[in-house]
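Colleague: how would this look folded up:
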Amino acid sequence: MATLEVASQPGSSEVQVPSTDEAAALLGVPAPPAARDGEGPVRVNASTGAVLRMLLRPDLRAARTLPLLGAGVVGVAATGCPALFCAHVQPDAAAVLLRIATVLTAIGLACLLDDPAARTTVVVPVSRGLRSGLRMAVGLLVFGLFWGASASLARLGVAAEARQSFPVGGLAVEGVTLAVGTLALALLGVRRSAPGAGSLVAAPALTLLVVAALFLPDLLELIPVPGDPGWGDATLRWTVLLLFALAGCAAQLREGPRARRTFQA
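Modeller: Have a look, this model is predicted:
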């Protein structure tokens, strides 16, 4: 590998930096095209799709994917126990298992946005919002796969005569809302916390919100049992919360003006 040397005179603060052509020759790469007289700098435009393809592998390699995968596997295993051991349960018990699996996987999803280097990557060419959006898209896809497997196993574990009354649609709205809401909380943690660890904000906040939802009055109930007359109203409330969560994610993904940093020797 070629080494690019920067020369400096002893006792002098001036640094001699090689020209673009010299640096390219030392590194063994083609030199960029020079701008003509009177023209601005040469710009290379890349499509968003090309940027995302180049960013996907290194960014996901740097992300914390193990908590999401581990939580998803645990959730699938928990919901699949009744079907595995032929211990058919009622829809309300299967819904409890699926909700627990959903919360666990959502917490794992929050870890995907952990970015300890958030404070030092403000000046990189790719915005933090684009990188976070890419992780969110991949994370939601993985979350959906785990949730679909958990829901299928939970429904399979319900007694055959009660299987039709298992409300997969309403539970899906709950799952999507919890996932998007957790991502909004994680984005807030990444932007506001010093170490840039979104899960440290999202995990306890999600747990407290779920526990608080258990004690809501009937007028604002969010976690009814299957067959409850207020199930439809609860699904509508989850839909409203989903809209707020989407708005929160969009607001957090917006990049403000880049901070100008001044380095003093």
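
Colleague: Quick check: V225 touching D92?
Modeller: Yes. With contacts counted by C-beta atoms under 8 Å, V225 reaches D92, the gap being 4.3 Å. In short, each C-beta sits where N, CA and C put it, glycine included.

Colleague: If you count contacts, what does the longest helix along the chain end up packed against?
Modeller: Identified as the longest helix of the chain according to DSSP state H is helix 128-156. Judged by 3 or more C-beta pairs under 8 Å, 6 or more residues apart in numbering; DSSP states H and E, the packing partners of helix 128-156 are helix 48-62, helix 66-84, helix 91-111, helix 168-192, helix 231-253.

Colleague: in the last one, what's buried?
Modeller: Using 16 or more other C-beta atoms under 10 Å as the burial criterion, the residues of helix 231-253 that qualify are 233-235, 237-238, 241-242, 245-246, 248-249, 252-253.

Colleague: what comes into contact with it?
Modeller: Identification of contacts with helix 231-253 by C-beta atoms under 8 Å, 6 or more residues apart in numbering yields 129, 132-133, 136, 167, 169-170, 173-174, 176-177, 180-181, 183-184, 187-188, 191, 220-224, 228.

Colleague: let's see it at 7 Å
Modeller: Contacts to helix 231-253, defined as C-beta atoms under 7 Å, 6 or more residues apart in numbering, come from residues 129, 132-133, 167, 170, 173-174, 176-177, 180-181, 183-184, 187-188, 191, 221-222, 224.

Colleague: of the helices and strands packed on helix 128-156, which approaches E161 most closely?
Modeller: helix 91-111 (10.6 Å; C-beta to C-beta).

Colleague: What's the mean pLDDT across that closest one?
Modeller: Per-region confidence: helix 91-111 scores 93 on mean pLDDT.

Colleague: Equivalent analysis for stretch 143-163, please.
Modeller: Here the average pLDDT along stretch 143-163 is 91.

Colleague: Just give the number of residues close to V211.
Modeller: Applying other C-beta atoms under 10 Å, we find 9 residues neighbouring V211.

Colleague: The chain should start at 52 in everything you say after this.
Modeller: Shifting the count to begin at 52 puts that one at V262.

Colleague: Now name the helix or strand holding it.
Modeller: Element membership for V262, per DSSP states H and E: helix 250-264.
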